[in-house]
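>>> just need the structure, nothing else, for what follows:
(chains A, B, C and D)
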2 protein chains.
Amino acid sequence: MPEGDLSPTGKPTINDLARVAGVSLATVDRVLNGRPGVRRATIDKVNKAIADLGYIRDTAAANLARRRVYRLLFILPDAANEFVDALITQVSIQGAQLSHQRTILGARTVPPFDPQAIVAMLDQLSPDEIDGVAVFGPETPAVRDAVTRARARGLAVVPLGAALPRAARYHFVPTDNYAAGRTAARLMGRFIDQPGPVLVITGSRLARDHLERRAGFDAVMTTDFPTLDVLPSVEGRDDPALIQRLLPDILRTVPNLRGIYSSAAGNAGLLTCLERERRRDNLVVIAHELTPVSRRALETGVFDAVISQNAGHLVRSAVRLLKATADQVPFDETQERIRIDIYLQDNMPPE
Amino acid sequence: MPEGDLSPTGKPTINDLARVAGVSLATVDRVLNGRPGVRRATIDKVNKAIADLGYIRDTAAANLARRRVYRLLFILPDAANEFVDALITQVSIQGAQLSHQRTILGARTVPPFDPQAIVAMLDQLSPDEIDGVAVFGPETPAVRDAVTRARARGLAVVPLGAALPRAARYHFVPTDNYAAGRTAARLMGRFIDQPGPVLVITGSRLARDHLERRAGFDAVMTTDFPTLDVLPSVEGRDDPALIQRLLPDILRTVPNLRGIYSSAAGNAGLLTCLERERRRDNLVVIAHELTPVSRRALETGVFDAVISQNAGHLVRSAVRLLKATADQVPFDETQERIRIDIYLQDNMPPE
DNA sequence: TTGAAAGCGTTACCAT
DNA sequence: ATGGTAACGCTTTCAA
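Numbering: from 1, shown residues only, chains lettered A, B, ... in the order given. Prediction:
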């Protein structure tokens, strides 16, 4: 039961609030934006009107009046890594489109596997140059602290790819690496049809996301496919050349390898090596991230499945989260959940 | 090389256009919106200014001034079918959220498998009640014509779920049922480990999407898994009760069935039946759509995989397409492509 | 502590 | 055929 009449549009506006509360537009605005200089009693009157009318701010109009521009920054590792490449590409593509929607996207790279560089980068960011930052990188206490400091300074920060803490009240773009590892294991176990050893190639044995994937992989393997024997991880450091160097020896040493789980980047090396060795006698290969390299491998049948997170979705998600956080408005959780995509040669998206 | 100075904001506005072209705001607006009553020469002047300055209209401001409200309608089959239920739920959830963004979502149902009902529905829609329609239903020439008529009347129309024509210049939310069928076959073939018969349950042998799925399924089976024998489709008419009635006989008749591909709806019947029969000796079951029923089946291991299209994504996509079409602006193709999702028990999204 | 009024980029009505 | 101007819903000086 509304107190007074509403504007013809249906939705109440600040004009309705002003009228109902018996104050001016400016005062309503002050209350709405928590600006100082309003008496307690007046604040209450306005808040009552807000509640009574069920007022909801029109963000588009507010942003227009405010001439608001969202300046968002992506901090990415300077790694020659297909996934990071895809992210950078997406940031630039989407940045071009978003520039017409009062949103400026930027990307800065830091040395990979170097938390201190991220800390330094974060610490030099000021809220009057940047509104929000998406950070893709390893989680360390130092990074976590830098994130906290940045937030305290008024920056919106969202960790990307779940390499950062997933404390409940933080906004972040989540990835469940444990589940990704489990998924890889399930496919591996079901695709392989005889007992034998399985190889896992990881990036760094210290990187949290890699550890999580491995843990998930092992859990399923142990429980559901006990006849398969998972070997200790080989560290490929996301480096195609290194992987290409290491692999031949392993293939020679392990006689009847049944499967390879490439849980990190550097798939080009793996692919080259497998193509050269022509070891496609039932060897099941499962890798991560849908990139030009892995697409080709899926097409030719060298890879059997690819577990992937969509870089485009990740970037869009981060942008929405950053904006929502900057505006202090809630967002749709379910939309921001990043799926664990499974690609076979038959369901790859075109292009 | 810009002709004159731009406004302080960076992006040119209609004020800049007016100044550069030497005309009034009103005239610029007329040209921009293709309204009559402007001399050829004047139009050209304005267009030149637009090109020179690289002007791009601020949709938010335009919508504000215009008090634009998008009234979008979803036409869905009145089928007791999990996927349609999910769509209806999504329309209502997203409708609630979008109501604060000048967007009204509605849904109307028509009898299932009844093209004529869709035609009737479409034909009675007027552009002064509705701006856009998303149609989920069978493709027939009559429907196609009704869509054409609706478009001619000025309505934005997007076919949902690719049951409608995918002519290149139409905007539509695409689904590749053929690829979905292939994907199901690939998983089926790799999951099954001994030769034998495979059953396909379809909805209607006439529905185009079901036919496409079956075609894709057969293609992969024939080529890559010749030791598996795909039986003729059983028509379940998306009806759990019917499926539950039909299945026991079949299971009895076909001695060592290796797999079941449930390519349509009505999974509840399949599940009940399988649970009752306890026929879980290596029977591989692959179904469509992630619903409460299929989630449970995945968790308990009765289903081995589910091929799904995300209803939330589908609805969001349709809304974006409808708005873009109504506004006659381009949209991001890649974002609107609906993936063929594969879910195993390990990578189901929470909830 | 409060209000009036101008302005954000665009549209739309009323003149001319 | 063209221009002036109020208005959309909100923010932001500047005065009072």
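>>> leaving out sequence neighbours, find the closest residue to residue A:194.
Spatial nearest neighbour of residue A:194, chain neighbours left out: residue A:258 (6.7 Å); criterion: C-beta to C-beta, 6 or more residues apart in numbering or on different chains. Where C-beta positions appear, they are placed from N, C-alpha and C, glycine not excepted.
>>> the one you found touches residue A:221, doesn't it?
No - counting by C-beta atoms under 8 Å, residue A:258 does not reach residue A:221; the two are 11.5 Å apart.
>>> looking at those two, which is more packed in?
More neighbours surround residue A:221 than the other of residue A:258 and residue A:221, with 25 against 21 (other C-beta atoms under 10 Å in any protein chain shown).
>>> where's that one, which helix or strand?
Residue A:221 belongs to helix A:208-224 when assigned by DSSP states H and E.
>>> then residue A:104?
Take DSSP H and E as the rule and residue A:104 turns out to sit in strand A:103-110.
>>> who touches both of residue A:258 and residue A:221?
Shared contacts of residue A:258 and residue A:221 (C-beta atoms under 8 Å, 6 or more residues apart in numbering or on different chains): A:198, A:228.
>>> for the helix or strand following the strand holding residue A:104, packing partners?
On the C-terminal side of strand A:103-110, the nearest following helix or strand under DSSP H and E is helix A:115-123. Of the remaining helices and strands, those touching helix A:115-123 by 3 or more C-beta pairs under 8 Å, 6 or more residues apart in numbering or on different chains; DSSP states H and E are strand A:70-77, strand A:103-110, strand A:132-136, helix A:141-152.
>>> let me know the angle separating helix A:115-123 from strand A:103-110.
With axes from the mean of the first three to the mean of the last three C-alpha atoms, to 10 degrees as the criterion, the two stretches helix A:115-123 and strand A:103-110 enclose an angle of 150 degrees.
>>> avg pLDDT for helix A:115-123?
Mean pLDDT, helix A:115-123: 94.
>>> what residues does the stretch 51-200 of chain A put near DNA strand C?
The interface of the stretch 51-200 of chain A toward DNA strand C, taken as C-beta under 7 Å from any atom of the strand, is made up of A:61, A:64-65, A:67.
>>> now narrow these to whatever sits close to chain B.
A:61, A:64, A:67 (C-beta under 8 Å from any C-beta of the partner chain).
>>> is it possible to export these to TSV including pLDDT, secondary structure and neighbour count?
Shown next, in TSV, are those (pLDDT from 0 to 100; DSSP: H, G, I helix; E, B strand; the rest coil; neighbours: other C-beta atoms under 10 Å in any protein chain shown):
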residue	pLDDT	secondary structure	neighbour count
A:61	96	helix	15
A:64	96	helix	16
A:67	94	coil	9
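>>> contacts for the helix holding residue A:221, please.
A:138-139, A:161-163, A:175, A:177-186, A:188-189, A:198, A:200, A:202-205, A:228, A:230, A:233, A:261, A:263-264, A:288, B:346.
>>> sorry, back to before: contacts only, for the residue nearest to residue A:194.
Counting by C-beta under 8 Å, 6+ apart, residue A:258 makes contact with A:192, A:194-198, A:228, A:282-284.
>>> of all residues in the stretch 101-250 of chain A, which one is closest to chain B?
Per C-beta to the nearest C-beta, the residue of the stretch 101-250 of chain A with the smallest distance to chain B is residue A:182, at 3.9 Å.
>>> now do the phi/psi pair for that residue.
Residue A:182 has phi and psi values of phi -60, psi -40 when expressed as degrees, to the nearest 10.
>>> isn't it up against residue B:346?
Yes - the pair formed by residue A:182 and residue B:346 meets the contact definition of C-beta under 8 Å, at 3.9 Å.
>>> these two: which is more packed in?
Using other C-beta under 10 Å as the criterion, residue A:182 and residue B:346 rank with residue A:182 on top: 26 against 22.
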